[in-house]
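Chemist: Sequence and computational prediction follow.
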Amino acid sequence: MADETQKPSPPVKAAVLGAGAWGTALAVSLANRHAGTSAPPVQLWAHESSTVAAINTQHENKEFLPGVALPDTLIATTALTDLADSDIVLMVVPAQFARRVIADVAPLLKPEASLVLCAKGVERDSLKFMSDVASDYLDEAQIAVLSGPSFAADVARGLPTAVTLACADPKRGAYLCAQIGSAGFRPYMSDDVIGAEIGGALKNVLAIACGIVAGKKLGESARAAITARGFVEMQRLGAALGAKPETLGGLSGLGDLILTCSSDTSRNFSLGRALGEGASAAQVLAQRSSVSEGAMSAQAVTALAARHNLELPICAAVDAVLSGALETDAAIQALMARPFTAEID
């Protein structure tokens, strides 16, 4: 008997939750990845009806990703029900607002659908990472994490980018890499979900510290020191929570840390620079339409460290500055006055 002809794979329906700069960039990447196939348009969910209207009529997200032309195969919506039959949903809603959106979308998803978490942070009230939040509403097998050194504008323009895609199920992870990855957007597979999330959350807090160094004009040597010692803090938390060292030393850890701690393109670094130049956190954040995740997660990271009896002095200093407990000069002096110790714990 002749072998039956293999049936072609059904077209993938992909969607993105959150139409900020990063969510829009990922939606563009997905739309371009599946251009010329029978895949339906990528659905981009936004809370703001004005954002949806601008994307659908002007094919540009002028508020969050100006200057980037959006493909016709990207359609914005305010209706979560439009995502109901999606095979892959990328969740890019900021960490502190993610729970409500995940809770609303979870009942709409197919049992086999994948939720890929792309927001970086720790929930303040529960001290949970995004995968733990999602697990309150979905089977853990459906959850993956996408994290790594990636500026939205670079990804939207198709510039070479490499990230980590972490998923406990290697088969699902391979499928997601194939459907999300492209020539310009290269995901590397991992099964270390918590490791990928720790890197993404802490690098944002540490980038604020590096921005303060830049704003204070303390020099590149100081910024390099903060980056390196910040990586030690990332490793400490990772060891306490069971992350793999190689994950923290990879794209979602050290790679993302290097990028975010060295460029004003990072919202967190630019926030820190403004703080170093004398502005207050409340003043800077009030002027921004986009979220600086490090400002939202610093308190949670510090509380999480206390829960595990860990010393994360740089993260704690950033939290103190953001909360108003310390001025930037006092925070810097406190760090510099710490006892001399061995470099390796």
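Modeler: Yep, it's here. Numbering: from 1, shown residues only.

Chemist: now for the worst-scoring helix or strand of the chain on mean pLDDT, which elements pack on it?
Modeler: Among the helices and strands of the chain, helix 281-286 carries the lowest confidence by mean pLDDT, DSSP states H and E, at a mean of 88. Packing contacts for helix 281-286, counted by 3 or more CB pairs under 8 Å, 6 or more residues apart in numbering; DSSP states H and E, involve helix 267-276. To be clear about C-beta, it is placed using only N, CA and C from the backbone, and glycine gets the same treatment.

Chemist: So what's the gap between the helix it packs on and the chain middle?
Modeler: Here helix 267-276 is found 18 Å from its chain centre; the criterion is CA atoms, centre = their mean, to the nearest Å.

Chemist: quick one: contacts of that helix?
Modeler: Residues outside helix 267-276 that contact it (CB atoms under 8 Å, 6 or more residues apart in numbering) are 204-205, 207-217, 260-264, 281, 284-285, 288, 290-295, 318, 321, 328.

Chemist: How about stretch 217-231?
Modeler: Contacts for stretch 217-231 (CB under 8 Å, 6+ apart): 202-203, 206, 209-210, 213-214, 248, 253-254, 257-258, 261-262, 276, 314-315, 332.

Chemist: Restricted to helices, list the contacts of helix 267-276.
Modeler: 204-205, 207-215, 260, 281, 284-285, 293-295, 318, 321, 328 (DSSP state H).

Chemist: From the residues you listed, keep the buried residues only.
Modeler: 204-205, 207-215, 260, 281, 284-285, 293-295, 318, 321, 328 (16 or more other CB atoms under 10 Å).

Chemist: can you list the domains in the chain?
Modeler: 14-191, 199-336 (automatic domain parsing).

Chemist: Tell me which of those lies nearest to Glu343.
Modeler: Nearest to Glu343, of all these, is domain 199-336, at 8.0 Å by CB to CB.

Chemist: Straight-line length of that closest one, end to end?
Modeler: 25 Å (CA to CA, to the nearest Å).

Chemist: Kindly tell me how buried Lys217 is, as a neighbour count.
Modeler: Lys217 has 9 neighbouring residues, counting by other CB atoms under 10 Å.

Chemist: can you check Glu112 too?
Modeler: Glu112, neighbours per other CB under 10 Å, totals 10.

Chemist: again with Ala106
Modeler: Neighbour tally, Ala106, other CB under 10 Å: 17.

Chemist: Ala298 too?
Modeler: Neighbour tally, Ala298, other CB under 10 Å: 32.

Chemist: Over to Gly238?
Modeler: Residues lying near Gly238 (other CB under 10 Å) number 23.

Chemist: so after the strand or helix carrying it, what's the next helix or strand?
Modeler: Assigned by DSSP states H and E, Gly238 belongs to helix 220-241. Later in the chain than helix 220-241, the nearest helix or strand by DSSP H and E is helix 245-248.

Chemist: quick revisit: narrow the contacts of stretch 217-231 to those that are buried.
Modeler: 202-203, 206, 209-210, 213-214, 248, 253-254, 257, 261-262, 276, 314-315, 332.

Chemist: Could you say which helix or strand holds Ile198?
Modeler: Going by DSSP H and E, Ile198 is in helix 193-215.

Chemist: mind listing the strands in the stretch 1-150 of the chain by residue range?
Modeler: Ranges of strands in the stretch 1-150 of the chain, per DSSP state E, counting those that start in this stretch, are 14-17, 42-45, 74-77, 88-91, 114-117, 143-147.

Chemist: which helices and strands does the third one pack with?
Modeler: Counting contacts by 3+ CB pairs under 8 Å, 6+ apart, strand 74-77 is packed against helix 21-33, strand 42-45, helix 49-58.

Chemist: So for the second one, what gets flagged as buried?
Modeler: Going by neighbour count (16+ other CB under 10 Å), the buried part of strand 42-45 is Val42, Gln43, Leu44, Trp45.

Chemist: From Leu146, how far off is the nearest residue to Ala298 once chain neighbours are set aside?
Modeler: Once flanking residues are discounted, Ala298 sits nearest to Asp319: 4.2 Å by CB to CB, 6 or more residues apart in numbering. Distance, Asp319 to Leu146, using CB to CB, to the nearest Å: 26 Å.

Chemist: Low-confidence regions, the stretch 1-150 of the chain specifically.
Modeler: Within the stretch 1-150 of the chain, the stretches with pLDDT under 70 are 1-9.

Chemist: right, and Ala144 touches Lys171 too?
Modeler: No - applying CB atoms under 8 Å, one finds Ala144 not in contact with Lys171, separated by 11.6 Å.

Chemist: Overlap of the contact sets of these two?
Modeler: Common neighbours of Ala144 and Lys171 (CB under 8 Å, 6+ apart) do not exist.

Chemist: More neighbours: which of these two?
Modeler: Using other CB under 10 Å, the more surrounded residue of Ala144 and Lys171 is Ala144, with 31 against 9.

Chemist: How about the contacts made by the more buried one?
Modeler: Ser114, Leu115, Val116, Leu117, Leu165, Ala166, Cys167, Arg172, Gly173, Leu176, Val193.

Chemist: quick one: the residue nearest to the last one when sequence neighbours are not counted and Val213, what's the gap?
Modeler: When you say that, I think you mean Val193. Excluding its sequence neighbours, the residue lying closest to Val193 (CB to CB, 6+ apart) is Ala166, at 4.6 Å. Distance of Ala166 to Val213, given as CB to CB: 30 Å.
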